[in-house]
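> I would like to see how this sequence folds:
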Amino acid sequence: MLSTNIKKVTDKKEEISLESAQEIVGGYVERVRCPDGSILLVNEEGLLYGLPVNEEASAIAGQMIVGNVIHFAKGCGRSWG
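Sure thing, here's the model as predicted:
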């Protein structure tokens, strides 16, 4: 079984560039707003690539999320907000 990762960002001062985000998620970046006010950055084409389900990210988002993600806590990642 393939594993997935979550990079958690809780420091409001921490910024992640587009290039870094693309490297972490493994492709084009899509923003997902979560019910708790946080933001996930996911691979836009993850389903097309058949990436594995990210159970932790799916629970946060309230929908199926695949692949590696970046999770900005509420109030963080304003440049992505």
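> part of a helix, is Ile24?
Yes: assessed by DSSP: H, G, I helix; E, B strand; the rest coil, Ile24 belongs to a helix.
> contacting residues for it?
Lys7, Ile16, Leu41, Asn68, Ile70 (CB atoms under 8 Å, 6 or more residues apart in numbering). In this view, the C-beta of every residue, glycine as well, is placed from N, C-alpha and C.
> Now distance to Asn54 and pLDDT too, for the residues you listed, in CSV please.
Listed next are these as CSV, based on distance: CB to CB, whole Å; pLDDT from 0 to 100:
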residue, distance to Asn54, pLDDT
Lys7, 12, 96
Ile16, 17, 95
Leu41, 12, 98
Asn68, 7, 97
Ile70, 11, 98
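> Any of those buried? List them.
The neighbour count (16 or more other CB atoms under 10 Å) marks Ile16, Leu41, Asn68, Ile70 as buried among the contacts of Ile24.
> could the residues you listed go into JSON lines alongside secondary structure and distance to Ala61?
Formatted as JSON lines, the buried ones among the contacts of Ile24 follow (DSSP: H, G, I helix; E, B strand; the rest coil; distance: CB to CB, whole Å):
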{"residue": "Ile16", "secondary structure": "coil", "distance to Ala61": "18"}
{"residue": "Leu41", "secondary structure": "strand", "distance to Ala61": "11"}
{"residue": "Asn68", "secondary structure": "coil", "distance to Ala61": "14"}
{"residue": "Ile70", "secondary structure": "strand", "distance to Ala61": "12"}
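> Greatest separation within those residues: which pair is it?
Ile16 and Asn68 (12.9 Å; CB to CB).
> Please tell me how far the residue nearest to Glu14 when sequence neighbours are not counted sits from Val25.
Spatially, and ignoring its direct neighbours in sequence, Glu14 is nearest to Cys76 (7.0 Å; CB to CB, 6 or more residues apart in numbering). From Cys76 across to Val25, the span is 17 Å (CB to CB, to the nearest Å).
> Which one of the two is surrounded by more residues?
Ranked by neighbour count (other CB atoms under 10 Å), Cys76 and Val25 place Val25 first, with 24 against 21.
> Might you report the residue contacts of the more buried one?
Val25 is in contact with Leu41, Val42, Asn43, Gly46, Gly67, Asn68, Val69, Ile70, counting by CB under 8 Å, 6+ apart.
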